[in-house]
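Engineer: Compute the structure for the input listed below.
(4 chains)
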4 protein chains.
Amino acid sequence: MKINVLDRGYVRLVDHMGGDLAVVNSARVSYAKESKQLTDKDVKLIKFLAREGHMSPFRHATVQLEFYAPLMVARQHWKYVVGSDHTMDAWNEASRRYITIDVENYIPQPLEWRSKPEHSKQGSGEPVDESIGREATERLLRQIEQGIKDYEWALESGIAAEQARLLIPSAYGMYTAYYWTASLQSVSHFLNQRLAHDSQYEIQEYAKAVYELVKPLFPVSLEELLKS
Amino acid sequence: MKINVLDRGYVRLVDHMGGDLAVVNSARVSYAKESKQLTDKDVKLIKFLAREGHMSPFRHATVQLEFYAPLMVARQHWKYVVGSDHTMDAWNEASRRYITIDVENYIPQPLEWRSKPEHSKQGSGEPVDESIGREATERLLRQIEQGIKDYEWALESGIAAEQARLLIPSAYGMYTAYYWTASLQSVSHFLNQRLAHDSQYEIQEYAKAVYELVKPLFPVSLEELLKS
Amino acid sequence: MKINVLDRGYVRLVDHMGGDLAVVNSARVSYAKESKQLTDKDVKLIKFLAREGHMSPFRHATVQLEFYAPLMVARQHWKYVVGSDHTMDAWNEASRRYITIDVENYIPQPLEWRSKPEHSKQGSGEPVDESIGREATERLLRQIEQGIKDYEWALESGIAAEQARLLIPSAYGMYTAYYWTASLQSVSHFLNQRLAHDSQYEIQEYAKAVYELVKPLFPVSLEELLKS
Amino acid sequence: MKINVLDRGYVRLVDHMGGDLAVVNSARVSYAKESKQLTDKDVKLIKFLAREGHMSPFRHATVQLEFYAPLMVARQHWKYVVGSDHTMDAWNEASRRYITIDVENYIPQPLEWRSKPEHSKQGSGEPVDESIGREATERLLRQIEQGIKDYEWALESGIAAEQARLLIPSAYGMYTAYYWTASLQSVSHFLNQRLAHDSQYEIQEYAKAVYELVKPLFPVSLEELLKS
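Structural biologist: Residues are numbered from 1 along each chain as shown, chains lettered A, B, ... in the order given. Predicted coordinates:
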């Protein structure tokens, strides 16, 4: 299952292990009992665990997701993974030391450029005037077109791919592909941060896609974890 | 699927995510390709990754196992999990702060007691004389019988379970139950250490059971990881 | 610096890296500035980071502590380390596969035994009657005395230390020594859980000692982290 | 202490905890002994631990480093941290969601551009012809100059910083600042990978600087860890 995001990106559910029952049973090893079907008592237990911050049972369920996202999203996602409580995360990403094809970029349309917010150093506000948006898209397209020409010229001139990539344009807009394997705890922590309104629009869109893909697998647990 | 170990213990495969293909595909995100069936080229890639120590692709596959093991095994296992490169491990264990029933112990039979090795501070050698083995088993049984009486007396006298457990006998022999969720990398690292001949016999038996349960899920990867 | 805990235990501060300033400067890499002295603005920043759950700056400060604690404490501590968000923890512990001397036990005095609480499966209430307490201490002493005799007999009879330890008495009371190296985030998470009133008395005592030792090193950060 | 790297970058040692003695003492908790001065026996122990892969004692020593590096280096470094056995790593990095000043880029000089290797998909070979190198540097400078103009125009036009950064040129060349806190085990693992000859030149230069800064703090341990 795959959900498209932004102009060229997506999130795809590759695989998963466990469900709400895995959380309940992992918690109940303490009581040497195992559920086969989710009962009201199990739902209560999940609520209790999420509310009290007893996170370890939520680490026995895992998901693997594939992302195709602009660098600005991938890098915020990485920082989240390295910079927070990231037990149970694996990450593998395409490398431009080897691949030389298919540079794709995230290119906002003229009406999609956002103004800086009035009362904050961070985030964004209303769309900018259409004339400014139009020029921004044009400048970006021109930069990318020239940059890709430079990059291709460098490759054709025999410069090593690992160094030629310095000529790939746009430090934040190039699409990159990566796999992320994470525990349910880690996924919910990511969603709690990235679904928040002060999170950047582009990464919110990816968080929404992750939510759509993962919610049906752990309906009770994810709801409770996103309350806390 | 469940494999019995020692006199009362077992390891049970609860769930798993991925297989050899997940390793290959996670590694190949670098090349934006995905295999549906394991080819000779895929096998070569797994061999290369294992040999060169490129471990990250082996972290996208996970297993959940349930253990019932004496404390001496559980604690060596914990030390391994905390004490080594333990990304992607979750652990939940029964607690005697709550449970007051069913104290079970690992009790070697008279012929199962091992002598200390001649040239090492660590490990064990040949079986001891049967007469010594017989006395060891008797002493252990007596200690456990008396200890369980003491423990039950304390509970009946109204002492809190969390403190009454000081009277549970045998610091290393009591059986405990726990769930361990780990990546394929972590499992193979555990097996590499615990299948080794200088590892304690009792934990080797658990490692063998883990190997039997996990091998069919990742036949190529596990074989290669255990070479390295 | 060392603080005695329970009848024979202690916590010792071995070393540390960083202080409140390390937190502030690690957070401010975002702004390419570095403080040399803690200002009011820095204190505000620490409050903000703790309140909003931006934990990564608290992981650039570390402490190393040595514990000597009964198994019931050490094992709850381990479970915390394995079972929660435990980035930045290292653990090394004495092993009875090698050491055969100095079995010491935690032995509550007659007035220190606690009753089970009235309205909870967990925790403890008022002290039990002195007569029960006296018998509990006596039974425990007798079990330990006999167990140590059994253990020493086993060693003298040539049974390997790794297996003879099955005869060491008291699954929860034996003292063990270990080093714990952890980030400030990890320490504060441990304190938040273990200073709580529903935590077991014995581990609360260790948490208090950790607090006394670590507080002067990170006075502002620890205060704020323990509010959250 | 600070070492300059490439045209505008550096690595700075911010702080550290422990030394060779911390490794030895953490390993010896097993024997309840503590060294005050490194003896021949201690050196032997470190050699043994490194050779046998007993890594946990090397996690009780930590360092904090500040990097200023092009994105191509920072991102390979991140992948190492996320993608390998990364217990005990903390990471904080400057974010262009907030900062709008000082875009600096890594710009190879005409003689510093490397050709692609003959027999490998990866890495680089001899320098390219000077005429090609000259054109590569010129194209890169032109792209960066234009890109920075675009970026500044976007900021002045009121586009939010978090989105305007799409116009920052060069997906791999922009300098970024970050703090990395890591255990001695983690540092040595990074050095083992990044000092290798098939590692990219630019990241090798950073690895050499890390080695120079960290070597004097753990002279014996680092030497042994880099052999293994």
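
Engineer: Measure how buried A:I132 is and give me the count.
Structural biologist: A:I132 is surrounded by 18 other residues when neighbours are defined as other C-beta atoms under 10 Å in any protein chain shown. (C-beta placed from N, C-alpha, C; glycine too.)

Engineer: who are the neighbours in contact with it?
Structural biologist: A:W113, D:S157, D:G158, D:I159 (C-beta atoms under 8 Å, 6 or more residues apart in numbering or on different chains).

Engineer: Could you find the closest non-adjacent residue to the second one?
Structural biologist: Leaving aside its chain neighbours, D:S157 sits nearest to A:I132 (4.8 Å; criterion: C-beta to C-beta, 6 or more residues apart in numbering or on different chains).

Engineer: what about chain A, any weak spots by pLDDT?
Structural biologist: A:30-33, A:82-88, A:228 (pLDDT under 70).

Engineer: what separates stretch A:137-146 from the chain centre, distance-wise?
Structural biologist: On the basis of C-alpha atoms, centre = their mean, to the nearest Å, stretch A:137-146 sits 26 Å off its chain's mean C-alpha point.

Engineer: Kindly report the same for stretch A:162-179.
Structural biologist: Relative to its chain's centre, stretch A:162-179 lies at 17 Å (C-alpha atoms, centre = their mean).

Engineer: cool, stretch A:24-40 as well?
Structural biologist: 31 Å.

Engineer: same deal with stretch A:169-181?
Structural biologist: For stretch A:169-181, the gap between its own C-alpha mean and the chain's C-alpha mean amounts to 11 Å (C-alpha atoms, centre = their mean).

Engineer: Render the CA-only coordinates of that stretch in CSV, please.
Structural biologist: Listed next in CSV are the C-alpha coordinates belonging to stretch A:169-181 (Å, rounded to 0.1, in the frame of the first residue of the first chain):
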residue,chain,number,x,y,z
PRO,A,169,21.3,21.9,-7.3
SER,A,170,19.0,22.7,-4.3
ALA,A,171,20.4,21.7,-0.9
TYR,A,172,16.9,20.9,0.4
GLY,A,173,14.7,20.0,-2.6
MET,A,174,16.2,16.9,-4.2
TYR,A,175,14.1,13.7,-3.7
THR,A,176,15.8,10.8,-1.9
ALA,A,177,14.6,7.3,-1.2
TYR,A,178,14.9,5.5,2.1
TYR,A,179,13.6,2.6,4.2
TRP,A,180,12.7,3.3,7.8
THR,A,181,12.0,0.4,10.2
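
Engineer: nearest to A:R75, of the contacts of A:I132?
Structural biologist: Proximity of those to A:R75 (C-beta to C-beta) peaks at D:I159, which lies at 19.3 Å.

Engineer: Just list the residues touching A:M17, thanks.
Structural biologist: The contact partners of A:M17, taken as C-beta under 8 Å, 6+ apart, are A:A61, A:T62, A:V63, B:D15, B:H16, B:M17, B:T62, B:Q64.

Engineer: now the residues you listed in CSV, with secondary structure?
Structural biologist: Putting those into CSV (DSSP: H, G, I helix; E, B strand; the rest coil) gives the following:
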residue, secondary structure
A:A61, coil
A:T62, strand
A:V63, strand
B:D15, strand
B:H16, strand
B:M17, strand
B:T62, strand
B:Q64, strand
